[in-house]
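Novice: Only the shape, not the letters, is given here:
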């Protein structure tokens, strides 16, 4: 039973980012949801997406952006394992985790002539809770072998078992709270440079149980459950120990007793960020580099029936370095087209040993378009392709990043000359992944078919107090 919770709490990324790398959220402003190609932005969302672009804000003075996103995800693992047939008749079972989160963010900048300062608060990674009300295949697998194991060990004594049942649930939460400060300097009319420091506070929580394990173990000759009804396995083995005096039954009782884990983890890390932006003849080109962030997580355990998660134990959960390069051009003063590339240096980060299963670093390819319909109206849309390269060993039914294509659409409306409303919707379409395990101790393999869905809605307000120097 310990192995169940070893699998269960390998929960890096249980509430995976809507967009971005394995540990990074890039959706930190509604402008991103409606057009993910924001890496060369010169509006207030540049505080995250293009810090050097803050030096090119159209107006001097104070700029604010307040954003709230609602994200809805499902994570499905369809597990095929022959012993599952002893609980309901089918070798394949579907386990669905659901996550819902409200994700706020705030960006601030003050620009004066050639220099700017900036700050932001956002959810830098994770951002929600995934709940599996019927557990997971990795939980049930360990119980599913009970009938065959009991028959193999107790069959010569006249015992027989054909079915099992259990109650199980798992809930996992992961959130990275990120606060950033920085400055940008326009060193020439066409060139701006920026530097930032980001503080990341990473939290995770894991709460799960495995209870009411039951079998129809019977031995009519001994008068043990002669009708073969389902009975709690713990009570059955305790009774057999008392009847026979055999301590082996007591050991079996301990293995099938109720198990519970309630563990919270926290850690922090500092991320330096540098960026540059230049514009010339209608072109905007920008680059940003976020350095690798070392994060050490510390357990705060209030319940642990497995002994595997001692209070105060530590583990690594680094945030990989990240490079963004973007280029865009304004056409006919009405339409801006942008292309962008993101590269996450996953292989250089310590993710609790899982980086050995990263075949090569994650890449994202993004394209977007904005149409300035009128003085007050802007509509935009964009597409992002996230491409992971992970070996089967990286995957578990609690952590299965899937390559995906995201599509966003939305618009902006100027309520006042200095107040803009952003609204957007983004849908993510995930690839499917099939992973077959190595044979277990019983020579059996399990096959997992992983799939996900994700939808996000958002609304935000951009507000500035200053003198406008030029167009967007």
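Specialist: Thanks, I have it. Source: prediction; values computed, not measured.

Novice: use CA for all of it now, contacts and neighbours both
Specialist: Fine.

Novice: longest helix of this structure?
Specialist: helix 233-244 (DSSP state H).

Novice: how far out from the middle of the chain is that helix?
Specialist: 43 Å (CA atoms, centre = their mean, to the nearest Å).

Novice: quick one: contacts of that helix?
Specialist: Applying CA atoms under 8 Å, 6 or more residues apart in numbering, the external contacts of helix 233-244 come out as 212-215, 246-250, 252-254, 256-257.

Novice: hey, where'd the helices end up in the chain?
Specialist: Under DSSP H, the chain gives helices at 2-8, 30-34, 46-49, 137-144, 146-154, 233-244, 247-255.

Novice: Tell me which of those helices sits most buried.
Specialist: helix 30-34 (a mean of 30; mean count of other CA atoms under 10 Å).

Novice: Run the chain-centre distance for that helix.
Specialist: On the basis of CA atoms, centre = their mean, helix 30-34 sits 19 Å off its chain's mean C-alpha point.

Novice: Against which helices or strands is that helix packed?
Specialist: Other elements packing on helix 30-34 under the criterion 3 or more CA pairs under 8 Å, 6 or more residues apart in numbering; DSSP states H and E are strand 61-80, strand 377-387, strand 404-416, strand 419-430, strand 447-465.

Novice: For the ones you listed, give me TSV that also has mean pLDDT, mean neighbour count and distance to residue 364.
Specialist: Compiled in TSV, the helices and strands packed on helix 30-34 are given as follows (pLDDT from 0 to 100; neighbours: other CA atoms under 10 Å; distance: least, CA to CA, whole Å):
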stretch	mean pLDDT	mean neighbour count	distance to residue 364
strand 61-80	94	21	20
strand 377-387	97	21	4
strand 404-416	96	19	9
strand 419-430	97	21	14
strand 447-465	95	20	17
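
Novice: a markdown table for these, including distance to residue 328?
Specialist: A markdown table is the format used below for these (distance: least, CA to CA, whole Å):
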| stretch | distance to residue 328 |
| --- | --- |
| strand 61-80 | 23 |
| strand 377-387 | 13 |
| strand 404-416 | 18 |
| strand 419-430 | 21 |
| strand 447-465 | 22 |
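
Novice: re earlier: out of the helices of the chain, flag the one nearest residue 444.
Specialist: Ranking the helices of the chain by proximity to residue 444 (CA to CA) places helix 137-144 first, at 10.5 Å.

Novice: Counting by contacts, list what the closest one packs against.
Specialist: By 3+ CA pairs under 8 Å, 6+ apart, helix 137-144 packs against helix 2-8, strand 164-188.

Novice: Now tabulate these in JSON lines and tack on distance to residue 378 and mean pLDDT.
Specialist: Below are the helices and strands packed on helix 137-144 laid out as JSON lines (distance: least, CA to CA, whole Å; pLDDT from 0 to 100):
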{"stretch": "helix 2-8", "distance to residue 378": "46", "mean pLDDT": "42"}
{"stretch": "strand 164-188", "distance to residue 378": "26", "mean pLDDT": "93"}
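
Novice: Got phi/psi on residue 257?
Specialist: phi -70, psi 160 (degrees, to the nearest 10).

Novice: Pull the contacting residues for it.
Specialist: 211, 212, 213, 233, 234.

Novice: and the last one, how far is that from residue 294?
Specialist: Counting by CA to CA, to the nearest Å, the gap between residue 234 and residue 294 amounts to 44 Å.

Novice: sorry, back to before: kindly reformat the helices and strands packed on helix 137-144 as TSV containing distance to residue 354.
Specialist: Shown next, in TSV, are the helices and strands packed on helix 137-144 (distance: least, CA to CA, whole Å):
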stretch	distance to residue 354
helix 2-8	13
strand 164-188	17
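
Novice: before we move on, back to that, the helices of the chain: which one's closest to residue 398?
Specialist: Nearest to residue 398, of these and by CA to CA, is helix 2-8 at 6.9 Å.

Novice: before we move on, back to that, do you know which of the helices of the chain lies nearest residue 461?
Specialist: Short answer: helix 30-34, nearest of the helices of the chain by CA to CA, at 8.9 Å.

Novice: Quick one: closest of the helices and strands packed on helix 137-144 to residue 224.
Specialist: strand 164-188 (16.4 Å).

Novice: Residue 131 - how many residues pack around it?
Specialist: 23 (other CA atoms under 10 Å).

Novice: Ok, residue 103 next?
Specialist: There are 20 residues near residue 103, going by other CA under 10 Å.

Novice: Tell me the spacing between it and residue 155.
Specialist: To residue 155, residue 103 is 56 Å away according to CA to CA.

Novice: what do you get for residue 144?
Specialist: In terms of CA to CA, residue 144 sits 17 Å off from residue 155.

Novice: got it, and residue 92?
Specialist: For residue 92 relative to residue 155 (CA to CA), the value is 27 Å.

Novice: more crowded one of those two?
Specialist: residue 92 (18 against 14).

Novice: Excluding chain neighbours, give the residue nearest to that one in space.
Specialist: residue 80 (4.1 Å; CA to CA, 6 or more residues apart in numbering).

Novice: So the one you found sits against residue 446, correct?
Specialist: Yes - judged on CA atoms under 8 Å, residue 80 makes contact with residue 446 at a distance of 5.6 Å.

Novice: Now for those two: what residues contact both?
Specialist: Counting by CA under 8 Å, 6+ apart, nothing touches both residue 80 and residue 446.

Novice: Identify the residues contacting residue 165.
Specialist: 87, 212, 213, 214, 215.

Novice: Kindly recompute the last result at 7 Å.
Specialist: For residue 165, the contact set (CA atoms under 7 Å, 6 or more residues apart in numbering) comprises 87, 213, 214, 215.

Novice: Could you say which of the helices and strands packed on helix 137-144 is packed most deeply?
Specialist: Using mean count of other CA under 10 Å, strand 164-188 ranks as the most buried of the helices and strands packed on helix 137-144, with a mean of 21.

Novice: Give the pairing partners of that one; include direction for each.
Specialist: In the sheet, strand 164-188 lines up against strand 115-132 (antiparallel), strand 191-215 (antiparallel) (DSSP bridges).

Novice: Kindly reformat the ones you listed as TSV containing mean pLDDT.
Specialist: Shown next, in TSV, are the strands paired with strand 164-188 (pLDDT from 0 to 100):
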stretch	mean pLDDT
strand 115-132	90
strand 191-215	94
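
Novice: quick one, which of those is packed in tightest?
Specialist: By mean count of other CA under 10 Å, these have strand 115-132 as the most buried, with a mean of 24.

Novice: That one versus strand 61-80: what angle between them?
Specialist: Inter-element angle recorded for strand 115-132 and strand 61-80: 20 degrees (by axes from the mean of the first three to the mean of the last three CA atoms, to 10 degrees).

Novice: Now do the contacts for the nearest residue to residue 448 once chain neighbours are set aside.
Specialist: Leaving aside its sequence neighbours, residue 448 sits nearest to residue 79 (CA to CA, 6+ apart; 4.5 Å). Residues in contact with residue 79 (CA under 7 Å, 6+ apart) are 92, 93, 94, 137, 446, 447, 448, 449.

Novice: same deal with residue 230?
Specialist: Applying CA under 7 Å, 6+ apart, the residues contacting residue 230 are 214, 215, 216.

Novice: Among the residues you listed, find me the one that's closest to residue 349.
Specialist: residue 214 (42.9 Å).

Novice: Nearest spatial neighbour of that closest one, chain-adjacent residues omitted?
Specialist: Counting by CA to CA, 6+ apart, the residue nearest residue 214 is residue 232, at 4.2 Å.
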